[in-house]
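# give me the fold of what follows.
(chains A and B)
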Amino acid sequence: QKEVEQDPGPLSVPEGAIVSLNCTYSNSAFQYFMWYRQYSRKGPELLMYTYSSGNKEDGRFTAQVDKSSKYISLFIRDSQPSDSATYLCAVQGTGAGSYQLTFGKGTKLSVIP
Amino acid sequence: GAVVSQHPSRVICKSGTSVKIECRSLDFQATTMFWYRQFPKKSLMLMATSNEGSKATYEQGVEKDKFLINHASLTLSTLTVTSAHPEDSSFYICSASRLAGGSQRQPQHFGDGTRLSIL
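Residues are numbered from 1 along each chain as shown, chains lettered A, B, ... in the order given. Next up, the predicted model:
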């Protein structure tokens, strides 16, 4: 079983739709959870960074973490064509030296005008 | 913000050339920087962790003599691809984390990547 599972899509939605992106992870040692957005030929851009279970909201984006089921989600409200990108989930541990991120494969999202 | 600048963004060169890529944290200090490689339609693969003032830690399968990393200051790390060959062609991305006290992790912020093409 891979450490982080993410459906690669592609996912295509109409403009204005609510988008739900999800990842599952296998190791309960992971305590930090991130969502990155990556446009073609660019580096990943940090969207959300959370530590605890629950919801975190930032504008049209909501990150949700459920540590009991090892499930993380990103919701995008009122999706826009400019949201079309690949979305990467990432997890990180807390032990000494555990700075590295473990990424999901990324979900390619297209928002159709 | 937390801006990471990577230079150059694109390199095309002949086989056998050595190529240096710079990664700078512009508005924060970073004791740790990371170098990734990304193949088309694939996720990021960690190559090495760069620590200021000490040797880099390379992931299994990454040749340290091929990919030289130097982290000379709290805002600059460099990756040099030595004697590059066509199989080294790829998208190389760096990231950096802010200095933080205690055990609190800080998120990694990424540069915009360097597209390397070896002819």
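# residue of chain A nearest chain B, please.
Distances between chain A and chain B by Cβ to the nearest Cβ are smallest at A:Gly43, namely 3.8 Å. Every C-beta, even on glycine, is put in place using the N, C-alpha and C of the backbone.
# excluding its backbone neighbours, what's nearest residue 7?
Just going to use chain A. Nearest residue to A:Asp7, sequence neighbours excluded (Cβ to Cβ, 6 or more residues apart in numbering or on different chains): A:Thr107, at 5.9 Å.
# looking at chain B here, not the other one
Leaving aside its sequence neighbours, B:His7 sits nearest to B:Glu22 (Cβ to Cβ, 6+ apart; 4.9 Å).
# number of nearby residues for the one you found?
Number of residues near B:Glu22 (other Cβ atoms under 10 Å in any protein chain shown) recorded here: 16.
# I'd guessed B:Pro86 sits against B:Leu119; true?
Yes: if you go by Cβ atoms under 8 Å, B:Pro86 and B:Leu119 touch, sitting 7.3 Å apart.
# related to what we said a few turns ago, and the residue nearest to B:His7, backbone torsions?
Phi and psi for B:Glu22, reported as degrees, to the nearest 10, are phi -110, psi 140.
# A:Pro81 now?
According to degrees, to the nearest 10, A:Pro81 has phi -50, psi -30.
# number of residues surrounding it?
For A:Pro81, the neighbour count with other Cβ under 10 Å is 10.
# shouldn't it be in contact with A:Val111?
Yes: taking contacts as Cβ under 8 Å, A:Pro81 lies within contact range of A:Val111: 5.0 Å.
# shared neighbours of these two, anything?
Taking Cβ atoms under 8 Å, 6 or more residues apart in numbering or on different chains as the contact rule, A:Pro81 and A:Val111 both touch A:Glu15.
# which positions in chain B make contact with chain A?
B:2, B:4, B:6, B:32, B:34, B:42-44, B:46, B:49, B:91, B:93, B:95, B:97, B:103, B:105, B:107-113, B:115 (Cβ under 8 Å from any Cβ of the partner chain).
# out of the residues you listed, which end up buried?
Neighbour-count burial (16 or more other Cβ atoms under 10 Å in any protein chain shown) is assigned, among these, to B:2, B:4, B:6, B:32, B:34, B:43-44, B:46, B:49, B:91, B:93, B:95, B:97, B:105, B:107-113, B:115.
# how far does stretch A:24-38 sit from the chain's center?
8 Å (Cα atoms, centre = their mean, to the nearest Å).
# start to end distance for it?
Distance between the two ends of stretch A:24-38: 20 Å, counting by Cα to Cα, to the nearest Å.
# can that stretch be found next to chain B?
Yes: counting by Cβ under 8 Å from any Cβ, chain B is contacted by stretch A:24-38 at A:32, A:34, A:36.
# what comes up buried for the regular element (helix or strand) spanning A:Val111?
According to DSSP states H and E, A:Val111 maps onto strand A:107-112. For strand A:107-112, burial by neighbour count (16+ other Cβ under 10 Å) applies to A:107-109, A:111.
# residues contacting A:Gly16?
Contact partners of A:Gly16, counting by Cβ under 8 Å, 6+ apart, are A:78-79.
# pretty sure it belongs to a helix, no?
No: counting by DSSP: H, G, I helix; E, B strand; the rest coil, A:Gly16 is located in no helix; its state is coil.
# how close does it sit to A:Thr107?
A:Gly16 sits 19 Å away from A:Thr107, going by Cβ to Cβ, to the nearest Å.
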